[in-house]
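In: got a structure for you, letters missing:
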Ligand SMILES: NC(=O)c1ccc[n+]([C@@H]2O[C@H](COP(=O)([O-])OP(=O)(O)OC[C@H]3O[C@@H](n4cnc5c(N)ncnc54)[C@H](O)[C@@H]3O)[C@@H](O)[C@H]2O)c1
């Protein structure tokens, strides 16, 4: 029998929209196709007994006046969200978006585009308890350190697992790891490593160079997009953790120091939720002969993240049911850029599968 997982969301932006639409998209597939082992866009239709439609969204928090107070099925299409629509009409979800504390969620750029709802914030801990949320998925804007800590603290008080999609370091920080372990709760993160995104491609290519005996001399990764994530990231003051997260994932693939520059690079409004990434790697192979690789990758950003968070949420539920607590190492290494333990992609994936199959403790 399928296991249900009750999920709360903090930040009803493009990523939340893609994940929610995606669970409906797969639910609407005909039975025969649903049970194909290699269903398009998913690593597994059934992951440890959990199918996409077993993910139940029970609570949602935001601060934007276009979203607070709306049913979640409407809020995911409210401006300034601009990702693509993959479902026709969404049924009402009967989950009203509640207002959380703003803290540092709306930075100086976002405040030009987003008006904060005038209503009073709810008690997030109480809302998590009342809805029986098992996992809170954190989708706040980059640079929301205090905001992220506030949702993590609410999870600790409510008895809810924390899955951190953003580059603020919770699951990868001993203080927070111990706090979750101490309460018998799990945490996973930090900063989603998208399904076929810049980070997994870049780290895999650097690993390939190294494995093939090619010396990596220098590398960069530039990223542009036209959504609020990229608009917010024009503020370099909010980017410290994002640059660390993205750079450390690639740097860990070489056993020597490589000069590199990696991060969000500009906002191009007409790209909407498309993200374009340029990767360049220069190196030397046999006889010191130079080699150069240049790559362009274009994706719809939010769906690229949803293809991974759908696994992170399901795996967190598996961990909860096994009575595990503290940071989830294999899930985090597979699904996130800045995990507690960094691993090459292929190792992370096989550890993740072993975890799901019950052959690995965490
Ligand atoms: N491929 C990807 O898209 C990807 C990959 C890795 C990480 N991320 C990260 O995931 C996060 C979400 O991305 P997105 O594209 O959905 O961003 P978004 O800007 O579309 O959504 C963020 C949402 O958070 C809300 N918010 C701001 N402060 C809040 C608060 N205090 N409480 C509750 N809600 C608040 C905003 O109003 C907005 O609705 C970003 O930090 C992004 O960098 C995205």
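Out: Arrived safely, thanks for sending. Just so we're clear, the structure is a prediction, and the values are computed from it rather than from any experiment.
In: When you work out contacts or count neighbours from here on, use the C-alpha atoms and nothing else.
Out: Will do.
In: Who are the contact partners of residue 59?
Out: Counting by CA atoms under 8 Å, 6 or more residues apart in numbering, residue 59 makes contact with 7, 8, 9, 95, 96, 97, 98, 127, 128, 131, 133.
In: hmm, 10 Å instead?
Out: 6-10, 72, 94-98, 124, 127-128, 130-133, 136 (CA atoms under 10 Å, 6 or more residues apart in numbering).
In: Please apply the same query to residue 15.
Out: Contacts of residue 15 by CA under 10 Å, 6+ apart are 21, 76, 81, 83, 139-140, 165, 229, 273, 301-306, 309.
In: Sticking with it, tell me its helix or strand.
Out: Taking DSSP states H and E as the criterion, residue 15 maps to helix 14-27.
In: that older thread, narrow the contacts of residue 59 to those that are buried.
Out: Buried residues within the contacts of residue 59, defined by neighbour count using 16 or more other CA atoms under 10 Å: 6-10, 72, 95-98, 124, 127-128, 132-133, 136.
In: Mind checking which of those land in strands?
Out: Counting by DSSP state E, the part of the buried ones among the contacts of residue 59 found in strands is 6, 7, 8, 9, 10, 97, 98, 136.
In: follow-up on the earlier one: which among the contacts of residue 59 are in contact with the ligand?
Out: residue 10 (CA under 6 Å from any ligand atom).
In: can you give me the helices for this protein?
Out: 14-27, 31-34, 72-75, 110-113, 124-131, 145-158, 174-182, 198-211, 228-232, 240-251, 301-321, 329-335, 345-356 (DSSP state H).
In: Output these in JSON lines; the columns should cover mean pLDDT.
Out: Formatted as JSON lines, those follow (pLDDT from 0 to 100):
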{"stretch": "helix 14-27", "mean pLDDT": "96"}
{"stretch": "helix 31-34", "mean pLDDT": "68"}
{"stretch": "helix 72-75", "mean pLDDT": "98"}
{"stretch": "helix 110-113", "mean pLDDT": "97"}
{"stretch": "helix 124-131", "mean pLDDT": "98"}
{"stretch": "helix 145-158", "mean pLDDT": "98"}
{"stretch": "helix 174-182", "mean pLDDT": "98"}
{"stretch": "helix 198-211", "mean pLDDT": "97"}
{"stretch": "helix 228-232", "mean pLDDT": "98"}
{"stretch": "helix 240-251", "mean pLDDT": "96"}
{"stretch": "helix 301-321", "mean pLDDT": "98"}
{"stretch": "helix 329-335", "mean pLDDT": "97"}
{"stretch": "helix 345-356", "mean pLDDT": "95"}
